[in-house]
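> Pasting the sequence and the predicted model now:
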Amino acid sequence: MPKVFYTQPDGAEKIIDASVGDSVMATAVRHGVTGIVGQCGGTLSCATCHVYLDPAEMGNFAAPGEDEDDMLECTASDRADNSRLSCQLTLSEGVDVHVTIPDEQV
């Protein structure tokens, strides 16, 4: 079972046992993680689930597609090289994920 480590802007961390096949966004919303809104429900039509993925874990996921790349231009907080939409980060068996939630989503 993968674990997702959500770090808030103030450094507080919440660790959640997640389900394989779920997204980092869906897991956050289901467990009430503050700061991940997921306004569009994971349909890749907003940027309210923006996170900063641990740079060491970038290789665990496919690079952002064109649609995600376009949506990352609309984030409320500054985009970084490790910015991802958490709805596009699908959890795999044995792969823990560490993300930092930005200061703003909307």
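Yep, that arrived. Treat the numbers as computed from the prediction; the structure is a model and nothing was measured. Residues are numbered from 1 along each chain as shown.

> contacts, neighbours, all on C-alpha from now
Fine.

> Near the residue nearest to Ser23 when sequence neighbours are not counted, how many other residues are there?
Spatially, and ignoring its direct neighbours in sequence, Ser23 is nearest to Thr90 (4.3 Å; CA to CA, 6 or more residues apart in numbering). The tally of other residues near Thr90 (other CA atoms under 10 Å) stands at 18.

> Going by residue numbers, what spans are strands in the chain?
When secondary structure is read from DSSP state E, the chain shows strands at 3-7, 13-17, 50-53, 83-85, 97-100.

> what lines up beside the shortest one in the sheet?
Okay, so that is strand 83-85. For strand 83-85, the paired strands and their directions (DSSP bridges) read strand 50-53 (antiparallel).

> quick revisit: spit out the contact partners of the residue nearest to Ser23.
The neighbourhood of Thr90, defined by CA atoms under 8 Å, 6 or more residues apart in numbering, consists of 20-24, 61.

> Let's see if you can find the most crowded of those.
Ranked by the number of neighbours (other CA under 10 Å), the contacts of Thr90 place Val24 first, at 27 neighbours.

> Isn't that residue up against Asp96?
No - in terms of CA atoms under 8 Å, Val24 does not count as a neighbour of Asp96; the distance is 10.5 Å.

> From Val51, how far off is the residue nearest to Val97 when sequence neighbours are not counted?
Sequence neighbours aside, Val4 is the residue nearest to Val97 in space, at 4.8 Å (criterion: CA to CA, 6+ apart). Here the criterion is CA to CA, to the nearest Å. By it, Val4 lies 12 Å from Val51.

> now do Thr7
In this view, Thr7 and Val51 are 10 Å apart by CA to CA.

> These two: which is more packed in?
In this view Thr7 and Val51 are compared by other CA under 10 Å, and Val51 has more residues nearby, 30 against 21.

> what sits against the more buried one?
By CA under 8 Å, 6+ apart, the residues touching Val51 are 83-86, 99-102.

> Likewise for Leu53?
82-84, 97-100.
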